[in-house]
Structure formats: structure tokens, C-alpha cells
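K.L.:
This is a predicted model, with the sequence first.
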Amino acid sequence: MKRSSKHISLAVILGVSLFLFSCKKEFLSVVPPTSLTPEQALSTEADLQVALRGAYQGLRTGVTSYTADMYGRSIPILGDLLADNTYQSTQNTNRYTLHNNFTFNVTDGNSMGIWSGCYSVILRTNNIINSAIASNANVDQYKGEAHAIRALAYFTLIRFFSRPYTDAPTGQGVPIITTYDPSAKPGRSSIAEVYTLINDDLNKAYSLLTKFTNSSQFNKYAAKALHAKVYLTMGDLANARTAALDVINNGGFSPLTTANHAGYWANSAITTSKLETIFEVSSDAVGNLSFDALSYLYSQAGNYGDMLCADDLYALYEAGDVRRALYPTGTRGGLPSVFINKYPVITGDVSDTKVLRLSEMYLIAAEASLPANETDARTYVNFVTSRRGASPITSTGSQLLEDIIRERRKELAFEGDRYFDLMRLKRTVQRSTNYPATARSITYDNYRRILPIPQIETDANPTIKGQQNPGY
């Protein structure tokens, strides 16, 4: 959906400095760069904690003009809409129409929101990471969380705006910014260089983090879980398997079962129980996007409910599979529809966005065990199927890989992963008849398989002007 609100370029983001104080995790003040340097603004341990809250807030809301374009809504939506899991109902509010139709361009407001939101988060984490405050247990914890958040922001950018690492590591990535410089107009680093930074951040996070607080804050094994996902995306199966098994064996998280599956998704609050959720972006009763939240785009109980479950995805769930109950059927816009109740809470403490779950670690371990160890691959994937009421996977060879990828689609549906699976595997997006006829087969070489560098960025930054993604 094209936005009329004021655009924010990376150059502007780099010129904005810090948050002075915070009430809970929401109150945030920003001041011009001439008022305070990062060193002055972050001079105490308490300042670091406040800044960290701002970084977590940024994961949900991005920047003021694009409050719905981070993990609070657009990132998980586009991760399924650009693929084959969710589609826009004929009865809609014109949100994400261009992505449903695969006709977005350089003025796309959602692309701009993801770009500016991620770099705003990166700016905040850079100031924490670069703080000269003396090391102690709390400071190390805050810096470890900042490293993990920065890694997630760069991982988000590189997957949306660049070709996969498995395609061309030397290709154009995104600008790397690790220090505060309001005059900087950076160009694009290589994809490999961005992944080097991500891996370094996650290694540092793992070594610095010692405390588990709750499901909405990074901890040691949340950093390792993200690293497993990064390694899988890079095609580094050995390290992906090792990282996933570290989380499974040492993280202390317990899995979902058929008995607690429905209650897990009905709960909208952050938890300390370590049940399934490794990391989620919180939308609590104080800090949420209200009617712009992710749950409003899926739930039929609110004002929107634009996004529906694709028929071919729904058909994959067996009658006894507890996941099927999350997708009731009905009618919308005069057409038979499958609704999405994975995010059912739309008032008060609204449904959070799951980013890392234990079930995904088993699925990563399963895929990463191939082709060398099919026995382990079946064991790990069936750890999930056996706890959903689904038939066990018994296949071998190439069919086993296909069955694991299909199980990922079923388990992680509407959590924003499907599109990036199709990207890293270099597969055509083959959509059902729920989608427009002109946007049902999106081949891997289609230039719109990656988002455009926002025009406001290329206009403001002469270094990146000639580095637009091909085709735009």
C-alpha cells in the first residue's frame, strides 16, 4: 500500500540520536545530533537499559511514519503473502494489495518501512554496543542482547533486499553501519560481508548473555536459535544442525503437545515458562499497534481480517492434526474462505509475533541432517508431527527433503518464514487459484523476488543511487 506520510531515509536515520529516558518500554525521546553525543546520552548502566528497551520497541514499531512495518505486522505478513500461504481477500482494506498482485515498485511504503525500521533499530543497538561503560554482568547482558537484536535487523534486511547467500555471496547486500556518523551516506556491502557481521554479532551475543528474562528478550539460546536459522539460510548445514541441537539439548525449552497447542496460541502474554517460545516480539497492553497490529490483519473479529489461508495449505492438514483447528472455514466477500486464528487476541495485551520457536529447531535439525543422516532427519521432523496428531514421515531420499519442507510450511505458517524458505531453495512461488491469475507463478529469476531499495533512499544517498536492485 502506497503511503502518503513523510518518508525517512537512511541518511536521516543516521542523523537522529538517542533516547533520554523511558517509562516502562514505551516512553522514548529523541533529540537532534547537536544536543547529545551517544557517549553523553549513554553514560550509565541505567541508560543502556533504557536504550535497550527502545531497541526492542523498534523491532515492533519501526519509526514513527511506518509503525506497522516491522515485526508488529508487515514483516510476518510479507513472509507469507509473497509466498503461497496467505492471500488478500476480495473484501479488503487495500493493505498489501501490491504484494498480493506482485506489482510493488520503488515507492512501496511497506518496503520503506522495513528498510527505515531496521536501520533505526541498528542505530539504537550500535550505540549500546559501542558504549564505553565498564563491563559488568548487567552491561554484558545488555550488550549481548543488542548484538542479537542487531543481527536480527541485518538478517531481516538481507533477506528482503538481497538475493540469497546461496545464490551469490559476492552480490549486493545492504549498507553496513556499526558506528554513529550522522553525515554517513553508505553504499551496499556484499552479501558475504553482511553475513559475516551477523555471524560475529551472534557469536558475541552467545558469549555475553547469561540471563533468561522472558520470551520477549534475547537470551543465550535465543541467540543460538537465530544462528541456526542464519546458518540454514546460508546453506551451512553442519553448523545449522549443531546450533539447533545446542538449543534443543541445552536451552531448557519444552515443546508444544497436542494437549497444550490450542492454549499456547490463545495466550497473548509474554512468558517465563520456556514453553516453545524462544523469542517473540511483544505487543502488550501498553505497547502495541492497536488496530494496526498483526492480529487485526488475520482475525475476523476486528475491523480488517484481510488475509486468508490459501486453500492448498489448508488441504495439507489431516483431520486429526491439531493445527487444522487454528484455521476455521467460513465465507468472506461472498466466497468460501479459510480464516486464520493463530493470532486471536485483538484487544488489550494483543497477540505477540513469534520469531523463534523450539519446533523450528527440530525442523532445522531435520533438514540439516540431510543427506548424510536420514534416520536423524526423520527422528527430528517426527518429533513435531507426533505432537500435532499428524502422520509420521517415513520417506527417504529426495522425497524426505520435500516432506520436511512441507512440514515447515505447515508448522510455521503465518509466522513469516515460507517466502524465505522458497528463496533460499531458489524455488518458484507457485500460488493457488486464490491469487490473481497474473501472480500465481513467480519464478526465482523474477526481479520482484527481492524488494526495491526505497526511492527516497536512492534520492537522498548518492552512494547507493546506482546500486538499486536490477529491474526497478
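P.N.:
Noted; the coordinates are in hand. For clarity, every value in this text was computed on a predicted model and none was experimentally measured. Residues are numbered from 1 along each chain as shown.

K.L.:
so where's the stretch 51-200 of the chain shaky on pLDDT?
P.N.:
Within the stretch 51-200 of the chain, the stretches with pLDDT under 70 are 65.

K.L.:
mind listing the helices for it?
P.N.:
Using DSSP state H, counting those that start in this stretch, the helices assigned to the stretch 51-200 of the chain run over residues 74-81, 97-101, 109-129, 137-161, 191-208.

K.L.:
and among those, the most buried is which?
P.N.:
Compared across the helices of the stretch 51-200 of the chain, helix 109-129 shows the largest average neighbour count, a mean of 26 (mean count of other Cβ atoms under 10 Å). For every residue, glycine as well, the C-beta is placed using N, CA and C.

K.L.:
What helices and strands are in contact with it?
P.N.:
helix 10-14, strand 17-19, helix 45-61, helix 74-81, helix 137-161, helix 455-460 (3 or more Cβ pairs under 8 Å, 6 or more residues apart in numbering; DSSP states H and E).

K.L.:
do you know which of these lies nearest residue 307?
P.N.:
helix 74-81 (6.7 Å; Cβ to Cβ).

K.L.:
neighbouring contacts of that closest one?
P.N.:
68-69, 86-88, 96, 99-100, 110, 113-114, 156, 160, 294, 297, 307, 353, 413-420 (Cβ atoms under 8 Å, 6 or more residues apart in numbering).

K.L.:
How far away from the center of its chain is it?
P.N.:
A distance of 8 Å separates the centroid of the chain from that of helix 74-81, by Cα atoms, centre = their mean, to the nearest Å.

K.L.:
tell me the helices in the stretch 351-472 of the chain, going along the chain?
P.N.:
358-368, 374-385, 397-411, 418-424, 455-460, 462-465.

K.L.:
For residue 124, which of those helices is the nearest?
P.N.:
Taking these one by one with Cβ to Cβ, helix 455-460 is closest: 18.9 Å.

K.L.:
and among the helices of the stretch 351-472 of the chain, the most buried is which?
P.N.:
Mean neighbour counts were compared across the helices of the stretch 351-472 of the chain using mean count of other Cβ under 10 Å; the top stretch is helix 358-368, at a mean of 25.

K.L.:
and that one, what does it pack onto?
P.N.:
Going by 3+ Cβ pairs under 8 Å, 6+ apart, helix 358-368 lies up against helix 220-234, helix 237-250, strand 277-281, helix 374-385, helix 397-411.

K.L.:
With mean pLDDT as added columns, please give those in TSV.
P.N.:
Compiled in TSV, the helices and strands packed on helix 358-368 are given as follows (pLDDT from 0 to 100):
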stretch	mean pLDDT
helix 220-234	98
helix 237-250	98
strand 277-281	98
helix 374-385	98
helix 397-411	98
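
K.L.:
ok so, going back, indicate which one of the helices and strands packed on helix 109-129 is closest to residue 186.
P.N.:
helix 10-14 (7.4 Å).

K.L.:
Let's test this: mean pLDDT of the closest one, rounded?
P.N.:
Mean pLDDT, helix 10-14: 58.

K.L.:
Kindly state the pLDDT recorded for the nearest residue to residue 151 once chain neighbours are set aside?
P.N.:
By the measure of Cβ to Cβ, 6 or more residues apart in numbering, the closest residue to residue 151 outside its immediate chain neighbours is residue 201, 3.9 Å from it. With respect to pLDDT, residue 201 scores 98.

K.L.:
Surely residue 322 is in contact with residue 262?
P.N.:
Yes: in this structure, residue 322 is within contact of residue 262 by Cβ atoms under 8 Å, at 6.9 Å.

K.L.:
Which of those two has more residues huddled nearby?
P.N.:
Taking neighbours as other Cβ atoms under 10 Å, residue 322 and residue 262 compare with residue 322 leading, 19 against 15.

K.L.:
mind listing what that one touches?
P.N.:
258, 261, 262, 388, 389.

K.L.:
Repeat that for residue 168.
P.N.:
Applying Cβ under 8 Å, 6+ apart, the residues contacting residue 168 are residue 191.

K.L.:
separation between it and residue 326?
P.N.:
According to Cβ to Cβ, to the nearest Å, residue 168 stands 38 Å off from residue 326.

K.L.:
ok, now residue 171?
P.N.:
Per Cβ to Cβ, residue 171 is found 38 Å from residue 326.

K.L.:
which one of the two has more residues nearby?
P.N.:
residue 326 (21 against 14).

K.L.:
you'd agree that one is up against residue 341?
P.N.:
Yes: when contacts are counted by Cβ under 8 Å, residue 326 is listed as touching residue 341 (5.0 Å).

K.L.:
residue contacts, the closest residue to residue 158 other than its chain neighbours?
P.N.:
The shortest distance from residue 158 to any non-neighbouring residue, by Cβ to Cβ, 6+ apart, is to residue 194 (4.9 Å). Listed by Cβ under 8 Å, 6+ apart, the contact set of residue 194 reads 154, 157, 158, 162, 173, 174, 176.

K.L.:
In JSON lines, list the residues you listed along with distance to residue 120.
P.N.:
Below are these laid out as JSON lines (distance: Cβ to Cβ, whole Å):
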{"residue": "154", "distance to residue 120": "13"}
{"residue": "157", "distance to residue 120": "12"}
{"residue": "158", "distance to residue 120": "17"}
{"residue": "162", "distance to residue 120": "19"}
{"residue": "173", "distance to residue 120": "19"}
{"residue": "174", "distance to residue 120": "14"}
{"residue": "176", "distance to residue 120": "16"}
